[in-house]
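Peer 1: 3D, please:
(chains A and B)
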Amino acid sequence: MIDKIFPTPEAALADIPDGATIMIGGFGNAGMPAALIDALIAQGARELTIVNNNAGNADTGLAALLKAKRVRKILCSFPRQADSWHFDALYRAGEIELELVPQGTLAERIRAAGAGIGAFYTPTAYGTRLAEGKETRRIGSRDYVLEYPIHADYAIIKAERADRWGNLVYRKAARNFGPIMATAAKCTVAQVRETVELGALDPEAVVTPGIFVKRVVKH
Amino acid sequence: MKKFDRKQMAARVARDIPEGSYVNLGIGLPTLVADHLPKGREIILHSENGVLGVGPRPAPGEEDEDLINAGKEPATLLPGGAYFHHADSFAMIRGRHLDFCVLGAFQVSVAGDLANWHTGGADAIPAVGGAMDLAVGAKKVLVMMEHLTKKGESKIVERCTYPLTGARCVDRIYTDLAVIDVKSDGLHVVEIVEDLDFQELQRLTGVPLKFPAPAKAA
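Peer 2: Take a look at the predicted model:
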């Protein structure tokens, strides 16, 4: 019997090694898997590369992981916020590497990884400093920048409901990066508010099919 | 002269957005446009984080942490609205499905280059968000900004000195002094605030502006 439901966040993240690349779902606090991030902090893995749209807010969640100095590098589109003080301090001290990626390029690089695409041309950022040093190409009458996929060892995401096969539905705008991150990691762990019996999720409404999810934790 | 205040600028932009449009409003000043869309026009607002049909701010106590806009402020969803993931959201943007985006700016050049994401300062922490995607993706890119910096320098410039968000992407500029179209042959003044004449606008702007030919005498 397939049962992807793990008893605790700690159990679901126990095997994350130092140096892992981890995608963390969420846009600001919407969709941020807080219980899994707390478990990651407790777990102790270091030298992590983190992929998230932001670089943490206030003192909890991703910001707390940064504060604990467990992150070597972050890929994100919008680190600077009124309450991103932990990132700001690390960045100014040269203690964290930042790869700044336009938001749509970030999403598409994640999607490309999950879809087995080797690279893609996007018009975004052409002629700007974020395209410096990158391959470009004119296709038709437009100029494009070559971008590569972002693969991850783990994705930790938040969803609303799951069954034991790992099928997921989300809630409102908390969906954001969850469905694409789930496809791009070797091991996707979903924190959900509720687990339901197999067959209880409307198959027409499943957003992330269980094939993309390895572990589920109810929290 | 009677400069437009922020609300008047927002109302002026809103007037140009027709029934049935799909629109993304940038963070800050452009967000105000939502409050001035003419009643009776169905206009669908898109938010980068994965919402179409964004409604007004919720009443106090009705906020939902799972329903926010791109500025991470509480939002609502109109009947007919939809949620989707980030790759779909940016397919809508990059794939030219949005009719308009409205963005703030530090500078716009004569050629329509846009600078709005980074001052380039050594100590500045860069953050770009969806600005570069919107600049290349929306069918029409509208910019909303003060005409002059606090020091009185024109924000409409020959060449942007701040790092670019996008090259040759701006279609129309709305400032507190004028509405200006960016065309292949230069900047065309569409409107000007009351009690400001063309010569004074030209003097303040510093780059060549084209003015409409005087109306013919009847």
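
Peer 1: okay, the residue sitting nearest the centre point of chain B: pLDDT?
Peer 2: The centroid of chain B falls nearest to residue B:102 when counting by C-alpha atoms, centre = their mean (2.6 Å). Note for residue B:102: predicted pLDDT of 98.

Peer 1: hang on, it packs against residue B:26?
Peer 2: Yes: in this structure, residue B:102 is within contact of residue B:26 by C-beta atoms under 8 Å, at 5.9 Å. Heads up, the C-betas are built off the backbone N, CA and C, glycines and all.

Peer 1: quick one: average pLDDT of stretch B:35-47?
Peer 2: For stretch B:35-47, mean pLDDT is 96.

Peer 1: Repeat that for stretch B:13-20.
Peer 2: 98.

Peer 1: repeat for stretch A:22-37
Peer 2: For stretch A:22-37, the mean pLDDT works out to 96.

Peer 1: and that stretch, how far apart are its ends?
Peer 2: 11 Å (C-alpha to C-alpha, to the nearest Å).

Peer 1: Give me the distance between that stretch and the centre of its chain.
Peer 2: 7 Å (C-alpha atoms, centre = their mean, to the nearest Å).

Peer 1: What of stretch B:143-156?
Peer 2: With C-alpha atoms, centre = their mean, you get 14 Å for stretch B:143-156.

Peer 1: again, but for stretch B:107-119
Peer 2: Centroid separation between stretch B:107-119 and its chain, computed with C-alpha atoms, centre = their mean, is 12 Å.

Peer 1: quick one, phi psi at the closest residue to chain B within chain A?
Peer 2: Residue nearest to chain B within chain A (C-beta to the nearest C-beta): residue A:104, separated by 3.2 Å. For residue A:104, the backbone dihedrals (degrees, to the nearest 10) come out as phi -70, psi -30.

Peer 1: Up against chain A, what does chain B have?
Peer 2: Contact residues, chain B versus chain A (C-beta under 8 Å from any C-beta of the partner chain): B:47-51, B:64-68, B:72, B:75, B:77, B:83-87, B:89-90, B:93-94, B:118, B:123, B:125-133, B:136-137, B:163-167.

Peer 1: Could I get the full set of helices for chain B?
Peer 2: For chain B, the helices defined by DSSP state H occupy B:6-15, B:86-94, B:131-137, B:198-205.

Peer 1: Can you tell me which of the ones you listed is nearest to residue A:195?
Peer 2: Of all those, helix B:86-94 sits nearest to residue A:195, with 25.0 Å by C-beta to C-beta.

Peer 1: residue ranges of the strands in chain A, please?
Peer 2: Counting by DSSP state E, chain A has strands at residues A:5-6, A:21-24, A:48-51, A:71-76, A:97-100, A:120-122, A:136-139, A:142-147, A:152-162, A:168-169, A:185-195, A:215-218.

Peer 1: Throw the ones you listed into CSV and include distance to chain B and mean neighbour count, thanks.
Peer 2: What follows is the strands of chain A, written out as CSV (distance: least, C-beta to the nearest C-beta, whole Å; neighbours: other C-beta atoms under 10 Å in any protein chain shown):
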stretch, distance to chain B, mean neighbour count
strand A:5-6, 22, 17
strand A:21-24, 12, 26
strand A:48-51, 12, 24
strand A:71-76, 9, 21
strand A:97-100, 5, 16
strand A:120-122, 7, 18
strand A:136-139, 12, 11
strand A:142-147, 8, 18
strand A:152-162, 9, 26
strand A:168-169, 11, 24
strand A:185-195, 10, 21
strand A:215-218, 17, 22
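
Peer 1: Looking at those strands, spot the one closest to residue B:109.
Peer 2: strand A:142-147 (17.3 Å).

Peer 1: How far off centre is that closest one?
Peer 2: 24 Å.

Peer 1: how about residue 13, what does it touch?
Peer 2: Reading this off chain A. A:36, A:39, A:40, A:43, A:154, A:156, A:189 (C-beta atoms under 8 Å, 6 or more residues apart in numbering or on different chains).

Peer 1: You answered for a different chain; I wanted chain B.
Peer 2: Applying C-beta under 8 Å, 6+ apart to residue B:13 gives the contacts B:30, B:33, B:36, B:102, B:142, B:144, B:174.

Peer 1: Cool, thanks, signing off.
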